[in-house]
Structures are given as structure tokens and as C-alpha cells.
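Participant: Mind looking at a prediction? Sequence and model below.
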Amino acid sequence: MADEITVTAQIAVVNGTHLYTGVSRGLKYDQATAGMATIPIDVGTAEEDVDFGDITPGWCKIINLDDSIPVQFGKKDGSGNMQATIQAPPTSEQIVFLVSGTTYRVAAPTAGTLTARLVIEAQDL
């Protein structure tokens, strides 16, 4: 259990007669450099770049702490705009593996009385 990252995810659906529970297993990945960052962001409707600081992000958990506003996340295209590929519904968590060397952006597609609050926990590769 040294120099590694373990990722576990599971999906379960119970809806009327439709039942599904996926098998949960921890997948382990080597981590060459010890590093992790927790990045809190107040997200508004204007797109903004995500600053990962000194780490090269790999596994990343995107946590939307807002209880009413979704948050979109995606890479920055050649024109400087976000190509939204992930939407974190209110109070949700998304686990993704990010491509290194890419600039990522966030934005809330709708405005509310408060900005959405996003936390990104990123692991160094």
C-alpha cells in the first residue's frame, strides 16, 4: 500500500422493478510523485480556469457542494472557451482521470442566489 492511489466507485439503481447493483472493487494505480491538492472554487456563470497549483492532476474527484446549482467542467478549447464534458448535479461527486497538459475550466450553467461551491481533490500523477 505504498506509493499508490486506490479508486473505488459503485452504481446502484432501485426504480420500481428495475434493480441493478454494480460490483465495487478498488483499483490500484502507482503514484510516482507524492502529491494531492484540495482546490475550493466559488463558481459563477462566467467560465474560469482551474488552477491545480504544483501538481500534475491525474485522478480527480469533483464535488459540487451547492444544493441547487449544477456545475460544468471541461477542457479549454483553442478559442479559450470551455468544452463542457462533465456536469456535476447539485450535491454530487464525480471521479475522473484528467489528461495532463490540458487546461480545464468550470462554470455554472445557471445563476442562483449564491454561486455554486466546487471542491476538486486532485492526485499528482
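Facilitator: Structure's in. What do you need? Numbering: from 1, shown residues only.
Participant: For Thr115, report the pLDDT, please.
Facilitator: In the prediction, the pLDDT value recorded for Thr115 is 53.
Participant: got it, and Met82?
Facilitator: Value listed for Met82 in the pLDDT field: 95.
Participant: just the one 10 residues further on next, same as before
Facilitator: Confidence at Ser92, expressed as pLDDT, is 89.
Participant: For the nearest residue to it once chain neighbours are set aside, grab phi and psi.
Facilitator: The shortest distance from Ser92 to any residue other than its chain neighbours is 5.4 Å, reached at Asn64 (Cβ to Cβ, 6 or more residues apart in numbering). For every residue, glycine as well, the C-beta is placed using N, CA and C. For Asn64, the backbone dihedrals (degrees, to the nearest 10) come out as phi -100, psi 110.
Participant: Would you agree Asn64 is in contact with Pro90?
Facilitator: Yes - contact status for Asn64 versus Pro90: in contact at 6.0 Å, counting by Cβ atoms under 8 Å.
Participant: out of these two, which sits in the more crowded spot?
Facilitator: Asn64 (24 against 14; other Cβ atoms under 10 Å).
Participant: What's the separation between that one and Ile11?
Facilitator: Counting by Cβ to Cβ, to the nearest Å, the gap from Asn64 to Ile11 is 18 Å.
Participant: before we move on, what about Tyr29?
Facilitator: If you go by Cβ to Cβ, the gap between Tyr29 and Ile11 works out to 20 Å.
Participant: can you pull out the strands in the chain?
Facilitator: Secondary structure of the chain (DSSP state E): strands at 4-7, 12-15, 18-21, 27-30, 36-43, 48-49, 57-64, 71-76, 82-88, 93-97, 104-107, 116-124.
Participant: Low-confidence regions, the protein specifically.
Facilitator: 1, 112-125 (pLDDT under 70).
Participant: how about Val13, what does it touch?
Facilitator: Contact criterion Cβ atoms under 8 Å, 6 or more residues apart in numbering gives Leu19, Tyr20, Thr21 as the residues in contact with Val13.
Participant: So what's the residue count around the first one?
Facilitator: In this case it means Leu19. The tally of other residues near Leu19 (other Cβ under 10 Å) stands at 9.
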